[in-house]
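# the following comprises the amino acid sequence and a computationally predicted model.
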Amino acid sequence: MTADIIDGKAFAAGLRNKVAGHVARLVADHGITPGLAVVLVGDDPASDVYVRSKGRMTKAAGMLSVEHRLPADTTQDDLLALVARLNADRAIHGILVQLPLPKGIDEARVLATILPAKDVDGFHISNVGLLAVGQRAMVPCTPLGCILMLREHLGDLSGLDAVVIGRSNIVGKPMAQLLLGENCTVTLAHSRTRDLAGVVRRADIVVAAVGRPCMVTADWIKPGATVIDVGINRTDAGLVGDVDFAGVAAVAGAITPVPGGVGPMTIACLLANTVTACCRANGLPEPM
Ligand code: NDP
């Protein structure tokens, strides 16, 4: 068997188009342009690349993109003051503070200062809580992208066995909540899980979010399972995921590649979340 390749790049392009269409209608019918502010502190090269492409795609979707680049020695008070200004700015509907922040700045404090309604990363404790109780939340972009691809590929996920490997606050935990919301039977595995291979082998859906190159191998996979690879690992052989793509693709029913799978969906979902935040702020129908 050879797995279907879930083309995240094409799927993300489709979502960005849909978002751009919604933005065009907001501008034409209501005179409202959704605005996203991205704050980057310091000069981490990987963060710089992300921030640039976020800005480019935000503009390409017809939205307002504002970048705040602050020096690495910015004080926590200055950063909190900027977040407070953005909270109060009516032209800004989404605020994203690029992580990681330099040492000496309390990340949790900064995230807690962003207005939950403008928290397009979905990391504010209010949004985490809303997602946990199944209420309307801002959902973190990476797991949101994964669930959209799963829904598109599998349709109804009800009753399926899902195993998420990795329990981080930004990927693993919200992913498990979203799968539960789709009525999957969810197992959240991590570094202390016993017999991880045996646990994964029961799954109809496997989401790998670990950060270990090619850890998930073909013998862990139930034939026909759908495998979502969130991992991004830079190795001598280039960018690879947490899943041994060639081996697993011979057993799975469907699989996301790395690169070109989950990655492109993350920024597309950031744009979608910003439009959602804008619509909620103005009492208008949401894009998704
Ligand atoms: P974290 O390092 O925060 O979390 C990793 C998780 O994996 C932890 O819960 C850890 O368990 C678990 N883990 C580590 N080793 C093992 C093991 N041997 N067996 C089972 N579980 C293990 O990572 P993130 O969630 O932030 O990111 C995960 C991966 O996803 C990374 O490669 C990252 O680059 C990528 N990523 C990709 C994004 C995208 O847009 N495509 C966005 C965000 C992340 P424990 O809790 O017990 O320590």
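Done, it's in. Numbering: from 1, shown residues only.
# okay, stretch 115-126 in PDB with CA atoms only?
Listed next in PDB are the C-alpha coordinates belonging to stretch 115-126 (Å, rounded to 0.1, in the frame of the first residue of the first chain):
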ATOM      1  CA  LEU A 115      -6.400  40.700  25.300                       C
ATOM      2  CA  PRO A 116      -7.900  37.200  24.900                       C
ATOM      3  CA  ALA A 117     -10.000  38.500  22.000                       C
ATOM      4  CA  LYS A 118      -6.900  39.500  20.100                       C
ATOM      5  CA  ASP A 119      -4.800  36.400  21.100                       C
ATOM      6  CA  VAL A 120      -4.600  34.900  17.600                       C
ATOM      7  CA  ASP A 121      -2.000  32.400  18.800                       C
ATOM      8  CA  GLY A 122      -4.500  31.000  21.300                       C
ATOM      9  CA  PHE A 123      -1.900  30.800  24.100                       C
ATOM     10  CA  HIS A 124      -3.800  33.000  26.700                       C
ATOM     11  CA  ILE A 125      -5.000  31.100  29.600                       C
ATOM     12  CA  SER A 126      -8.600  32.200  28.900                       C
END
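# please renumber so the chain begins at 8
Got it, the first residue is 8 from now on, which makes the last one we talked about stretch 122-133.
# give me the mean pLDDT for it.
Computed over stretch 122-133, the mean pLDDT rounds to 98.
# just the buried residues of the lengthiest helix in the chain, please?
In the chain, assigned by DSSP state H, the helix with the most residues is helix 15-37. Across helix 15-37, burial judged by 16 or more other C-beta atoms under 10 Å covers 15, 18-19, 22-23, 25-27, 29-30, 33. Heads up, the C-betas are built off the backbone N, CA and C, glycines and all.
# who's in contact with it?
39-41, 64, 67-70, 152, 155-156, 159, 263-264, 267-272, 274-276, 278-279, 282, 285-286, 289, 291, 294 (C-beta atoms under 8 Å, 6 or more residues apart in numbering).
# which of those residues are close to the ligand?
With the criterion set as C-beta under 6 Å from any ligand atom, the members of the contacts of helix 15-37 near the ligand are 269-270.
# any chance of a ChimeraX selection covering the buried ones in the contacts of helix 15-37?
Remark: buried members of those, expressed as a ChimeraX selection using 16+ other C-beta under 10 Å:
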select :39,41,64,68,69,70,152,155,156,263,264,267,268,269,270,271,272,274,275,276,278,279,282,285,286,291,294
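# now do residue 171 against the ligand, distance only.
To the ligand, residue 171 is 9 Å away according to C-beta to the nearest ligand atom, to the nearest Å.
# report pLDDT for residue 8.
For residue 8, the predicted pLDDT is 62.
# next SSE downstream of the longest helix of the chain?
strand 42-48 (DSSP states H and E).
# returning to that earlier point: how far does the longest helix of the chain sit from the chain's center?
Between the centre of helix 15-37 and the centre of its chain there are 17 Å (C-alpha atoms, centre = their mean, to the nearest Å).
# for it, the averaged confidence score.
98.
# that one and the ligand in contact?
No: judged by C-beta under 6 Å from any ligand atom, helix 15-37 stays clear of the ligand, getting no closer than 8.8 Å.
# just the CA atoms of that helix, as PDB, please.
C-alpha atoms of helix 15-37 as PDB (Å, rounded to 0.1, in the frame of the first residue of the first chain):
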ATOM      1  CA  GLY A  15      -0.500  21.000   3.200                       C
ATOM      2  CA  LYS A  16       0.900  23.500   0.700                       C
ATOM      3  CA  ALA A  17      -2.100  23.300  -1.600                       C
ATOM      4  CA  PHE A  18      -4.500  23.100   1.300                       C
ATOM      5  CA  ALA A  19      -2.900  26.200   2.900                       C
ATOM      6  CA  ALA A  20      -3.100  28.100  -0.400                       C
ATOM      7  CA  GLY A  21      -6.800  27.300  -0.600                       C
ATOM      8  CA  LEU A  22      -7.400  28.500   3.000                       C
ATOM      9  CA  ARG A  23      -5.400  31.700   2.300                       C
ATOM     10  CA  ASN A  24      -7.600  32.300  -0.700                       C
ATOM     11  CA  LYS A  25     -10.700  31.800   1.300                       C
ATOM     12  CA  VAL A  26      -9.400  34.200   4.000                       C
ATOM     13  CA  ALA A  27      -8.600  36.800   1.300                       C
ATOM     14  CA  GLY A  28     -12.100  36.500  -0.100                       C
ATOM     15  CA  HIS A  29     -13.600  37.100   3.300                       C
ATOM     16  CA  VAL A  30     -11.300  40.100   3.900                       C
ATOM     17  CA  ALA A  31     -12.300  41.600   0.500                       C
ATOM     18  CA  ARG A  32     -16.000  41.300   1.600                       C
ATOM     19  CA  LEU A  33     -15.200  42.900   5.000                       C
ATOM     20  CA  VAL A  34     -13.500  45.800   3.300                       C
ATOM     21  CA  ALA A  35     -16.200  46.200   0.600                       C
ATOM     22  CA  ASP A  36     -19.300  45.700   2.700                       C
ATOM     23  CA  HIS A  37     -18.300  47.100   6.000                       C
END
